[in-house]
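1. sharing a model prediction with you, sequence too.
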Amino acid sequence: MSDIFFKDIFSNLPDNCLIDTNTPGKTLEDSLTRTLSLLKNTVIQQKHPRWIVTYSGGKDSTIVTLLAIEVMRRKIEWRPDSVDIIYVDTLQEIPPLHQQALDFLEYIETLAIKDSIAIKSYIAYPDMQRRFWYLMLGKGYPPPNRWFWWCTPKLKVKPAQAILRKLNYNDAAVVLSGIRFGESQDRDRRIKKQSSCVGQGECGQVLEYNHAIAPIAHWKLCQVWDMLALYAPAWGWPTVPLVKLYGDSPIRFGCWTCTLVKRDRALEAVVENPEWTGLKAMGQFRDLLLQKAANPQNRLLHADGHPGRFKLEIRQELLDGLKQLERELNMPLIDCEEEEAIRQLWQKESPRIDEPVCLERRENVTESIG
């Protein structure tokens with residue numbers, strides 16, 4: 001296994017790197033060369049001496065994150081002045097992937113201190129009024145679907161934008177995303193439709209950020225696995241547990257409550273591991289959400305007769321079920337503060353609801369860990 005970071009690739013990279021990031025690289029080394037050229041171009045040609053990486057905990061964003069940090073750690077001549085890592089915790093992530101992401105961020109924090117490099121990691125949470133259970137069980141939102149896709153803007157986009165404002169995001173910075181062609185035909189069409197210049201790695205319209213690029217958009221799936229399973233561990237990165245979580249399944253991880261897919265193949269893949277077999281009950285609860293929403297008798301009707309919000313008694317039933325699932329799994333799925341906020345909404349609808357009491361609180365505000 002060759003280590004291309006010790007080859008002349010860096011000193012020989014041209015300053016004007018208008019390379020093809022749409023066509024897959026023939027080899028991992030070819031794809032990595034294009035990625036590094038693109039990253040160099042952001043600093044040398046585009047004058048963005050600051051990188052902000054949107055890290056989700058999945059395989060693609062993990063590669064973008066570790067490559068950005070490797071450039072810093074190896075003190076490459078064209079490295080940026082600083083790298084900021086943003087992780088948005090939706091509070092709905094599949095538990096083992098969530099823990100893997102937190103462990104990865106902790107490793108970054110340790111590495112930054114040990115090597116004295118300008119890297120900081122940030123965890124952002126959605127505001128209470130935008131959280132999943134608050135909106136569904138408190139306000140009665142039906143499960144997200146392709147006609148009412150309310151989850152992503154509230155759980156992920158808004159918290160990320162809040163972090164960017166806190167970081168004083170400006171023209172000196174470029175956002176690095178793990179968006180990659182080949183995940184699915186629908187995803188590829190959306191990327192190409194929303195961004196005319198994604199072929200050069202640009203994906204600003206897709207991400208709704210200025211100066212955003214997708215440096216591994218052209219990577220093949222096999223190259224992603226080679227990096228995570230072979231190269232990254234050789235460089236000291238704890239990526240093998242992530243590879244094991246994915247297994248042999250061509251899946252994309254997300255929220256365990258995701259109702260935008262017919263089958264939650266991500267959770268199905270996780271529960272194949274004997275350690276996480278008990279999480280099957282999470283998939284059953286997700287299916288219950290869909291079943292409840294499909295019955296018009298469980299919903300309040302709009303003036304035009306179409307089903308709208310969940311009725312209060314259904315929301316109460318679902319919260320009871322969620323709390324029961326917590327007990328079965330011995331795992332927190334909703335914090336006390338959010339439960340209290342939900343019950344406060346209920347009280348406004350029905351004064352007979354008991355006064356909410358929260359014995360424990362957790363500060364789910366934007367948090368810096370580095």
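-> Nice, I can see it.

2. tell me which residues in stretch 283-291 are buried?
-> Within stretch 283-291, the residues scored as buried using 16 or more other C-beta atoms under 10 Å are 283, 285-286, 289. Heads up, the C-betas are built off the backbone N, CA and C, glycines and all.

3. what about it, average pLDDT?
-> Summarised as a single mean, pLDDT over stretch 283-291 is 96.

4. work out the gap between that stretch and the centre of the chain.
-> 22 Å (C-alpha atoms, centre = their mean, to the nearest Å).

5. what about dumping the CA coordinates of that stretch to CSV?
-> Taking Å, rounded to 0.1, in the frame of the first residue of the first chain, the C-alpha atoms of stretch 283-291 are listed here in CSV:
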residue,chain,number,x,y,z
GLY,A,283,-37.6,0.3,13.5
GLN,A,284,-41.0,-1.0,14.8
PHE,A,285,-41.7,2.3,16.5
ARG,A,286,-40.8,4.2,13.2
ASP,A,287,-43.3,2.0,11.4
LEU,A,288,-45.9,2.8,14.1
LEU,A,289,-45.5,6.5,13.3
LEU,A,290,-46.4,5.8,9.7
GLN,A,291,-49.3,3.6,10.6
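
6. and the helices in the stretch 51-200 of the chain?
-> Shown for the stretch 51-200 of the chain, the helices assigned by DSSP state H, counting those that start in this stretch span residues 59-73, 95-115, 132-133, 151-152, 158-166, 185-194.

7. helices or strands up against the fifth one?
-> Packed against helix 158-166, as judged by 3 or more C-beta pairs under 8 Å, 6 or more residues apart in numbering; DSSP states H and E, are the following elements: strand 82-88, strand 119-124.

8. let me know which of these is tucked in deepest.
-> Of the helices and strands packed on helix 158-166, the one with the most neighbours on average (mean count of other C-beta atoms under 10 Å) is strand 82-88, at a mean of 23.

9. list the contacts of that one.
-> Identification of contacts with strand 82-88 by C-beta atoms under 8 Å, 6 or more residues apart in numbering yields 49-57, 65, 68-69, 72, 101, 105, 108, 118-126, 155-156, 159-160, 163-164, 167, 370.

10. list the contacts of the residue nearest to Ala101 when sequence neighbours are not counted.
-> Among residues not flanking Ala101 along the chain, Gly57 sits closest, at 3.1 Å (C-beta to C-beta, 6 or more residues apart in numbering). Under the criterion of C-beta under 8 Å, 6+ apart, the neighbours of Gly57 are 87, 93, 97-98, 100-101, 104, 253.

11. check Arg180 too.
-> Counting by C-beta under 8 Å, 6+ apart, Arg180 makes contact with 60, 214, 216-219, 224.

12. again, only using 10 Å
-> By C-beta atoms under 10 Å, 6 or more residues apart in numbering, the residues touching Arg180 are 59-61, 63-64, 187-188, 191, 214-221, 223-224.

13. please parse the chain into its domains.
-> The chain breaks down by automatic domain parsing into domains covering 4-127+149-245, 249-360.

14. and these: which comes nearest Pro143?
-> domain 249-360 (3.9 Å; C-beta to C-beta).

15. give me the neighbour count for the nearest residue to Glu349 once chain neighbours are set aside.
-> Spatially, and ignoring its direct neighbours in sequence, Glu349 is nearest to Leu312 (5.6 Å; C-beta to C-beta, 6+ apart). Neighbourhood size, Leu312 [other C-beta atoms under 10 Å]: 16.

16. any idea how far Leu312 lies from Leu91?
-> 23 Å (C-beta to C-beta, to the nearest Å).

17. before we move on, the earlier item: which stretch in the domains of the chain has the least confidence?
-> For those, the weakest mean pLDDT is recorded on domain 4-127+149-245, namely a mean of 82.

18. and that one, how far out from the chain's middle?
-> Distance of domain 4-127+149-245 from the chain centroid (C-alpha atoms, centre = their mean) equals 12 Å.

19. tell me, what residue is most central in this protein?
-> Note on the chain: the residue nearest the mean C-alpha position is Ser56, at 2.8 Å, using C-alpha atoms, centre = their mean.

20. got a markdown table for the helices of the stretch 51-200 of the chain, with mean neighbour count and distance to Lys348 too?
-> Formatted as a markdown table, the helices of the stretch 51-200 of the chain follow (neighbours: other C-beta atoms under 10 Å; distance: least, C-beta to C-beta, whole Å):
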| stretch | mean neighbour count | distance to Lys348 |
| --- | --- | --- |
| helix 59-73 | 23 | 39 |
| helix 95-115 | 17 | 32 |
| helix 132-133 | 22 | 17 |
| helix 151-152 | 20 | 23 |
| helix 158-166 | 18 | 24 |
| helix 185-194 | 13 | 38 |
